[in-house]
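Peer 1: Just to be clear, the model below is a prediction. Sequence and coordinates:
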Amino acid sequence: MSQSSHHKLVEGSVREALVRMTMPMIIGMLMMFTFNMVDTLFISFLGTEPLTAISFTFPVGFTVMSMAIGLGIGASAVVAKHLGGGDSERAKEAATVINYISLTTASVLVVLCWIFLDEIFGLLGASADLLVLIREFMVVWLPGSLLIVCMMTGNSILRASGNTRTPSMLMAFAGFSNAVLDPLLIFGIGPFPALGIQGAAWATVISWALVFAYLYYLLIFKLEMVSRRLPSNEVFATSGREMLRIGIPAAGANMMTPLAAGIMTAIAAGFGNSAVAALGVGGRIEPIAILLVLAMSTSLPPLISQNYGAGRVERVAEAYRLAIRFVLVWQLFIYGVLALAAPLIAEVFSDDPEVISTIKLFLWILPLGYGMQGVIILTNSSLNALHRPMSALWLSIARFFVFYVPLAWLGSVYFGLWGFFVGAVAGNLIMGVISLATFNREVKSELYLQEKTA
């Protein structure tokens with residue numbers, strides 16, 4: 001990997017670097033998240049039962065993706081640190097090893113999900129009738145999910161080098177192709193068969209396959225960021241150990257999200273199918289609502305890791321501070337937009353009065369906590385980039401299982417569905433404050449170590 005194949009992020013304006021890396025990711029993620037939005041929209045035309053079934057698949061699907069994101073975080077942190085320190089050969093070794101580790105780990109997870117499919121969705125509260133629809137979707141989606149794991153890994157390698165434009169274009173293409181294929185395969189337009197809910201799964205997997213093929217041609221042959229040869233045992237052990245030290249805790253932290261989502265779905269199931277359907281719609285609106293946060297969570301870590309590798313901790317603190325300030329203001333604006341548009345959004349996704357009412361309640365309450373949720377997400381990604389994966393893991397555990405889920409459950413017990421949503425917001429607010437304090441403490445500790453060794 002030549003020096004010219006990556007962007008140095010340890011020089012120039014931190015603000016300009018952050019904007020330059022974030023802007024392409026916003027466009028790419030917007031298209032990527034249309035996977036869930038478009039799938040949900042078209043499936044909603046099939047009725048409340050298929051919409052409820054697709055909502056139940058979210059925790060399992062996100063578990064696979066979260067593991068991939070976590071491993072990608074480990075690869076990105078290590079690759080970016082080596083690039084920041086000027087060691088391109090070590091960066092290429094780490095980039096190569098992560099692909100083998102990601103594919104192996106994902107295969108094990110997919111097989112386990114396949115074997116225990118009925119048991120998993122039974123625990124989530126899915127009825128026997130819904131399990132039939134869920135199986136139709138997952139028998140296609142689960143094997144195909146290996147492609148998204150590899151895609152996320154490859155994109156994380158590109159972002160580590162400072163290249164966010166290519167991952168953005170690839171995600172945009174995947175989202176566009178999925179949007180085109182969805183109605184063709186769900187409803188059977190033209191020569192295509194009407195596959196119903198399974199058509200949405202096929203549209204997604206075909207889109208992933210197209211992007212996967214081009215991405216790895218780019219990484220292996222054109223940019224030469226991943227080696228064509230199998231890594232030696234020594235390289236595999238050295239690079240793998242370094243990457244997994246961050247990747248495993250990061251994957252664990254990311255997998256807290258679908259686990260918590262599964263528990264939240266089970267709580268919502270106590271209020272009936274309409275509540276689960278509404279929660280599923282809200283869960284697909286949320287990534288769009290916090291799109292800028294998610295884009296920054298992928299563009300901020302390479303900036304932090306490269307500067308950390310170059311010993312520029314003051315630039316790390318500046319990048320984090322700029323990101324947090326902007327996100328808090330932006331998400332307050334987004335809350336206002338969603339609150340005003342809630343009736344219109346609800347009617348787009350359902351014609352069931354009960355589902356519409358619950359979607360509106362979701363949009364009037366949950367997005368109020370998205371600013372602090374953004375603080376939590378950016379803090380976790382920044383801690384991993386700063387090679388503090390255990391701090392990020394403990395914050396994730398505390399967020400979901402000390403504050404977010406317990407407070408949502410307590411709210412549901414004493415105040416019903418609106419208390420369920422208010423409790424979740426309260427959990428995010430408390431955890432956001434804790435996250436800010438934690439990152440600032442870690443930066444001060446790193447600055448102290450620098451001064452002591454200077």
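Peer 2: Alright, I've got the coordinates. Numbering: from 1, shown residues only.
Peer 1: Count the residues that sit near residue 166.
Peer 2: For residue 166, the tally of surrounding residues (other CB atoms under 10 Å) stands at 20. For glycine as for every other residue, the C-beta is placed from the backbone atoms N, C-alpha and C.
Peer 1: Quickly note the distance from it to residue 374.
Peer 2: Separation of residue 166 from residue 374 (CB to CB, to the nearest Å): 25 Å.
Peer 1: was I right about residue 106 contacting residue 67?
Peer 2: Yes: with contact defined as CB atoms under 8 Å, residue 106 counts as touching residue 67 (6.7 Å).
Peer 1: what's the nearest residue to residue 255 if we skip its chain neighbours?
Peer 2: Computed as CB to CB, 6 or more residues apart in numbering, the closest residue to residue 255 that is not its neighbour in sequence is residue 66, at 4.7 Å.
Peer 1: State the three-state secondary structure for that neighbour.
Peer 2: Secondary structure, DSSP: H, G, I helix; E, B strand; the rest coil: residue 66 is helix.
Peer 1: And residue 106 and residue 67? Which one has more around it.
Peer 2: The neighbour comparison of residue 106 against residue 67 (other CB under 10 Å) goes to residue 67, with 26 against 23.
Peer 1: quick one, strands of this protein?
Peer 2: Ranges of strands within the chain: none, based on DSSP state E.
Peer 1: where in it is pLDDT low?
Peer 2: For the chain, the stretches with pLDDT under 70 are 1-8, 31-36, 454.
Peer 1: So in it, which helix runs the longest?
Peer 2: Of all segments of type helix in the chain, defined using DSSP state H, the longest is helix 405-453.
Peer 1: list the helices and strands that one packs on?
Peer 2: When contacts are defined as 3 or more CB pairs under 8 Å, 6 or more residues apart in numbering; DSSP states H and E, helix 405-453 packs onto helix 233-269, helix 313-349, helix 353-365, helix 370-385, helix 389-398.
Peer 1: could you dump those to TSV with distance to residue 292?
Peer 2: Listed next are those as TSV, based on distance: least, CB to CB, whole Å:
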stretch	distance to residue 292
helix 233-269	18
helix 313-349	6
helix 353-365	18
helix 370-385	8
helix 389-398	20
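Peer 1: Would you reformat those as JSON lines and include mean neighbour count and distance to residue 304?
Peer 2: Formatted as JSON lines, the helices and strands packed on helix 405-453 follow (neighbours: other CB atoms under 10 Å; distance: least, CB to CB, whole Å):
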{"stretch": "helix 233-269", "mean neighbour count": "20", "distance to residue 304": "12"}
{"stretch": "helix 313-349", "mean neighbour count": "17", "distance to residue 304": "5"}
{"stretch": "helix 353-365", "mean neighbour count": "21", "distance to residue 304": "33"}
{"stretch": "helix 370-385", "mean neighbour count": "26", "distance to residue 304": "4"}
{"stretch": "helix 389-398", "mean neighbour count": "20", "distance to residue 304": "12"}
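Peer 1: looking at those, which is closest to residue 59?
Peer 2: Residue 59 lies closest, by CB to CB, to one member of the helices and strands packed on helix 405-453: helix 233-269, at 3.8 Å.
Peer 1: ok and the closest one relative to helix 405-453, angle-wise?
Peer 2: 150 degrees (axes from the mean of the first three to the mean of the last three CA atoms, to 10 degrees).
Peer 1: And helix 233-269, how far out from the chain middle?
Peer 2: The chain centroid and the centroid of helix 233-269 are separated by 12 Å, computed with CA atoms, centre = their mean, to the nearest Å.
Peer 1: quick one, helices of the stretch 1-150 of the chain?
Peer 2: 14-32, 34-44, 48-84, 88-115, 117-123, 128-160 (DSSP state H, counting those that start in this stretch).
Peer 1: Figure out which of these is closest to residue 202.
Peer 2: helix 128-160 (5.7 Å).
Peer 1: Which strands or helices does the closest one pack on?
Peer 2: Other helices and strands packing on helix 128-160, by 3+ CB pairs under 8 Å, 6+ apart, are helix 48-84, helix 88-115, helix 117-123, helix 165-187, helix 197-217, helix 291-309.
Peer 1: what's the closest of those helices to residue 361?
Peer 2: helix 48-84 (15.9 Å).
Peer 1: Please identify the buried residues of the closest one?
Peer 2: 48-84 (16 or more other CB atoms under 10 Å).
Peer 1: tell me the angle that helix makes with helix 34-44.
Peer 2: Using the same axes, to 10 degrees: helix 48-84 against helix 34-44 is 180 degrees.
Peer 1: so residue 374 makes contact with residue 290?
Peer 2: Yes: Residue 374 is within contact range of residue 290, at 6.1 Å (criterion: CB under 8 Å).
Peer 1: Residues that sit against both of the two, list them.
Peer 2: residue 331 (CB atoms under 8 Å, 6 or more residues apart in numbering).
Peer 1: For residue 24, see how far away the closest residue in space to residue 311 that isn't next to it in sequence is.
Peer 2: Nearest residue to residue 311, sequence neighbours excluded (CB to CB, 6+ apart): residue 450, at 6.8 Å. As judged by CB to CB, residue 450 and residue 24 stand 32 Å apart.
Peer 1: Neighbour count: these two, which is higher?
Peer 2: residue 24 (21 against 13).
Peer 1: residues touching the more buried one, list them.
Peer 2: So residue 24 contacts 164-165, 167-169 (CB under 8 Å, 6+ apart).
Peer 1: Now the two most distant members of the residues you listed.
Peer 2: 164 and 169 (9.9 Å).
Peer 1: joint contacts of these two?
Peer 2: 24, 28.
Peer 1: who has more neighbours, these two?
Peer 2: Neighbour totals were compared for residue 164 and residue 169, and residue 164 leads with 25 against 16 (other CB under 10 Å).
Peer 1: thinking again about what came up before, now, which of the contacts of residue 24 sits nearest residue 385?
Peer 2: residue 164 (14.4 Å).
Peer 1: Roughly how far does the closest one sit from residue 294?
Peer 2: 13 Å.
Peer 1: now residue 323
Peer 2: Distance, residue 323 to residue 294, using CB to CB: 12 Å.
Peer 1: if I pick the closest residue in space to residue 246 that isn't next to it in sequence, what's in contact with it?
Peer 2: Spatial nearest neighbour of residue 246, chain neighbours left out: residue 74 (4.0 Å); criterion: CB to CB, 6+ apart. Neighbour list for residue 74: 98, 243-248, 250-251, 384, 389 [criterion: CB under 8 Å, 6+ apart].
Peer 1: now the nearest residue to residue 110 once chain neighbours are set aside: how far from residue 57?
Peer 2: In space, residue 110 comes closest to residue 142 once its chain neighbours are excluded; the distance is 5.4 Å by CB to CB, 6+ apart. To residue 57, residue 142 is 10 Å away according to CB to CB.
Peer 1: same deal with residue 223?
Peer 2: Distance, residue 223 to residue 57, using CB to CB: 35 Å.
Peer 1: for residue 217, same thing?
Peer 2: 31 Å.
Peer 1: and if you look at residue 312?
Peer 2: 43 Å.
Peer 1: now residue 28
Peer 2: Residue 28 is 23 Å from residue 57, by CB to CB.
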